[in-house]
Structure formats: structure tokens, C-alpha cells
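Novice: Okay, here's the prediction I keep looking at, along with the sequence it came from:
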Amino acid sequence: MLILIRLSGEVSTKAPRARARLSQWMEANIAEALREAGIEFQIKREWSRFFVETSSPHAMEVLQRVFGVQSLSVVETAPVKTLDDVVQAGKGFCTESVKGKRFAVRAQIARGGQFIPFRSTDIERELGRVLAPCSARVDLTNPEVTVQVEVRDYQAYFFTKRLPGPAGLPIGNEGKVAALASGGFDSAVASWMMLKRGIPVDYIFCNLAGETHKIEVLRVLKVLADQWSYGSRPQLHVLDFVPIVRELQAKTRPRYWQVILKRLMYRASEAIAQRAGYQGLVTGEALSQVSSQTLINLTTISQSVTMPIFRPLIGFNKEEIMDNAREIGTYDFSATIKEHCALAPKNPATRAPVQKVLDEEARLDLTSLDWAIDNPETHDLRQVGIEEIATAPDIEVESIPEEAVVLDLRSPSAYEIWHYPGAKHLDFLQALDEYKHFDKGKQYVLYCEIGIKSGQVAERMREAGFKAYNFKGGMKRLLEYARQRELVAPELLQPANLFD
């Protein structure tokens, strides 16, 4: 199939030199995204479009996560020189799409200095005329199907659907920043918003609660690294803050714990960032969302560092942040992470003056902070394997027995595009609850995008006495497995059926 990719407005409206540079970044990132997913492809770049040729039904889902992509469509194409060429090709490609439905035709011609002996309105009128007899009727106001035609370089491209991309700017065109990661909704969404601006993001995690906490955060950051960070190789720096928490609890007043802890996190993160050459810190703070994020407390916290602090969520409310987390795919993992309750006092300070906080900090022995800064645990997030995120070695399988119950934990839209034959769809959080009522006499194989969610549910099912397995390698491996067994229907590769 052939996929047409449109550039985001922020790329296409740039001056020629900047636009050419951004387009080069986009081409490289598109290629990386498809290679990482194991998809064979050919890519062609034009001034305002990219074209990707592939046989993979998974390619559209991957390309929807490349920043700089405004929208994309699966297209049919034909060489044209005359208006009749366009009309006859459109009749062949689009008759089935409009059958029995109200429709409209929209056309666009990119002349590029070439003489095209007809106008876009001619295409709309004539193609609409030949398609009308098999349709319900022409409806230019509220059509059920819009047949869209683009003519460029004596080629006509026909499509009926546009899928949105994330827009923004391609990653790699700006300097790098470090995001303070907690694994919660806020820090993940804030990081994603910086990625959307074309800025590579590395992560600093101040670990408050040991190995389990680190594993939970890794699950969240793997989504950002594997599915959204095409154009960079994100690193995670883990700092051991457990001794620092103990020191804080032992020597300072509880009402100032949250503010002091944030200041110490900022200081440690700045030290790591300066050594690595980052241009700033990113946090998920939203004004007055919690006690440590009042205007006065943010001012007090910010004064602990000199490096620029970027807060892309400062004006968001919690519902908006959670909606964004659902869209980018981090919601399910962030929802399982709980606040470190030992540092949540009943009456936290909401207006902590700098001097009082400094007086409290003066009581601390910060040797453990210096040690944490000098001894970070660093991970290449792309290289962190699923087996390193607490999945038992024998829980993964590379085949699916005929008698197994197969569970698909991806999004409903991804499930609709393609799923393993007979697979049942379950939301991740739904699966974490519903498995308790499953039949323990059956065998279960679970899969998701990259195998992290399915691995977590399979592990919990194992602990509860179920015969549960995670399909190794997520969708990339599953599609290979299905193709080898001819379980991916050939018609799924045709545009008319891929998204219906």
C-alpha cells in the first residue's frame, strides 16, 4: 500500500531553508520509526509531502506517532495527463467507497510550474458526475464519504480517509533537556509535549521507594522512548533518594517535606543536567494542583537552581492531563503508580517562605545527596528489555496454542485495525481486575503494543495461579508470526478495508 504523509503547518510554513532542514529530520525519523517496528518500506520525499510504500498494516499506527506529521492517508495512485484520465481512475478506485452513500468530491492540484490543462473544480464536477449513479446522492454539506483527489507531477492520488498525526516539529532540531520523571500522569505528558516541540528528552528519576518504584517508572518511560522518541536515544538516570528521604523525615518538620524534597530533586537534576550538557529541566507541575505547586511554593522550589525550568503543563487541569495521558499511551501504567505516602503530611505548607525552608535544609546532612549525584544508574531506554522490567523468564512465549484464550490489551482503534484471530479485547485496567474471574482451567496468551502491559497482567495472573503467558516482542513479533501462518488476511493490506 502507498501512504501519503502531510507535514504539520509548523514545518510547511517555514522559510525554504528551515523547511528543507526540518524535512530532512522528518524523513530520518519516519525511517527510524518504521525500522524500529520491523517494517519494510520505501520512502519518497517531495516538497510538501512524503510517500511511504509498504505492505504492513501496522505502518499507519507507527507513523501516527512521528512528530511533524499532520495527517496521513492510504492512497491509490494513477498516472494522469488529462481530466478524463483522472475521472476514469477515480471511477475505478472510488465506486465501492461511495456505493449507497451520500458523498462529495474534493480536489487539489499542485502545479509546481507544470501545465495542467484542467482545474480542481473540473475534477470535482466530472468525477462527482460519474460516481453519482452508484451513490445515494451528492451531498456537499454533510457527506458520509468524501472522495479526495490530489494531482501532482502528473500523478493522481485518491483517498477517502485522513488519520491525524501528532503535528509539532520533528525531534532533533533543538538542543536536549532533562525531564524529572515520577512515572505519574504529569511528568509523562510534560515530557511528551517537549518532544512534540522537536526537543530530545532524557529523564532523571529520583527513586524514593526502591526497585519496585523504579520498575513502575520504567514501564511509563518505555512508552515514551519506544513509541514517541523517533529521532533520539533517550537515557534514564536513576538517583537513589531513599537515604535522602530518611534524612528528610528524621531532621525536618513534616509540613515542609514536599517543598524541601522538590528542591533537593531540582538540585540533583541540575547537577546531572549540567554534566550531560542539557539546556534545561522539564517538570510536570501545574499551578496549584497540589500543595507543593502553589505560586509561592513553586517560586521557593525554583530558587534552588539556576538552570531554566520548563513547565508545559502549568495552566492545565488534571482532567486535561489525564486525557492527554490516554492519548499518548502512558495512562494505564501511570494509573498504577501511587504517591509515596510517607511524604504526604496532613498539613503541608502551601506558602513556604524561602528563608524558613533554608533553615530547615540547614539541619540536613546532604552527603547522601552528593553520593546519589555521583553514582547515577543510567539506562538506554530503547535497550532496556522487557525481561528487565520484572517479567519472569518463563512467562514469554513465541507461539500461540490453538486452545489458548488470546487477550489483546491495545487500544480499541488498534484492535479494530487488526487483531489476532479470535482474540478478545480488554482494556489494560479492566484486565487487571477481570482476570480474577477467569477460568483457571484454561491457558491464556496476552499481547499489547510492545509487550509491557501484557507482561504485567500475565505476571499477575501467574501469581494468582493462572496458566498465563505474554507473547514475546509485542505487535512486531506477533505480526511476523501471523504472516508466517497466513493469519493476516490479504484484504487487510487493501486501503478500503484497513480502516473500515
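Specialist: Structure's in. What do you need? It should be emphasised that the depicted structure is a prediction, and the values quoted were computed from it without experimental measurement.
Novice: Tell me the spatial nearest neighbour of the residue lying farthest from the centre of the chain, not counting adjacent residues.
Specialist: Each residue of the chain has a distance to the centre, and by CA atoms, centre = their mean the biggest one is for residue 117: 43.5 Å. Once flanking residues are discounted, residue 117 sits nearest to residue 82: 6.8 Å by CB to CB, 6 or more residues apart in numbering. C-betas here are computed from N, CA, C, even on glycine.
Novice: how about the helix or strand containing residue 225: buried residues?
Specialist: Assigned by DSSP states H and E, residue 225 falls within helix 211-227. Burial within helix 211-227, assessed by neighbour count using 16 or more other CB atoms under 10 Å, is assigned to 213-214, 216-227.
Novice: Residue 257 against residue 248, yeah?
Specialist: Yes: applying CB atoms under 8 Å, one finds residue 257 in contact with residue 248, separated by 6.0 Å.
Novice: for the longest strand seen in the chain, which positions count as buried?
Specialist: Determined from DSSP state E, the single longest strand within the chain is strand 69-79. Using 16+ other CB under 10 Å as the test for burial, strand 69-79 gives 69-77.
Novice: Using PDB, write out the CA atom coordinates for that strand.
Specialist: Extracted in PDB, the C-alpha atoms of strand 69-79 (Å, rounded to 0.1, in the frame of the first residue of the first chain):
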ATOM      1  CA  VAL A  69       3.200  14.500  10.700                       C
ATOM      2  CA  GLN A  70       0.000  16.500  10.400                       C
ATOM      3  CA  SER A  71      -2.100  13.700   8.900                       C
ATOM      4  CA  LEU A  72      -1.800  10.600   6.600                       C
ATOM      5  CA  SER A  73      -3.900   8.600   4.200                       C
ATOM      6  CA  VAL A  74      -3.700   5.300   2.400                       C
ATOM      7  CA  VAL A  75      -3.900   6.300  -1.300                       C
ATOM      8  CA  GLU A  76      -4.500   4.800  -4.700                       C
ATOM      9  CA  THR A  77      -2.500   6.400  -7.500                       C
ATOM     10  CA  ALA A  78      -2.500   6.500 -11.300                       C
ATOM     11  CA  PRO A  79      -0.600   8.500 -13.900                       C
END
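Novice: Name the strands paired with it and say parallel or antiparallel.
Specialist: Each strand paired with strand 69-79, and its direction, by DSSP bridges: strand 2-7 (antiparallel), strand 155-159 (antiparallel), strand 163-164 (antiparallel).
Novice: what residues does that strand touch?
Specialist: With contacts defined as CB atoms under 8 Å, 6 or more residues apart in numbering, strand 69-79 is touched by 1-9, 12, 26, 30, 60, 63-64, 85, 89, 93, 148, 150, 154-159, 161-167, 495, 498-499.
Novice: right, and the helix or strand after it?
Specialist: Next element after strand 69-79 (DSSP H and E): helix 83-98.
Novice: From the rest of the structure, what touches that next one?
Specialist: 76, 78-80, 103, 105, 117-118, 122-123, 126-127, 130-131, 134-135, 145, 147, 149, 151, 156, 158, 160, 496.
Novice: so of those, which ones are in helices?
Specialist: Among the contacts of helix 83-98, the members falling in helices (DSSP state H) are 122-123, 126-127, 130-131, 496.
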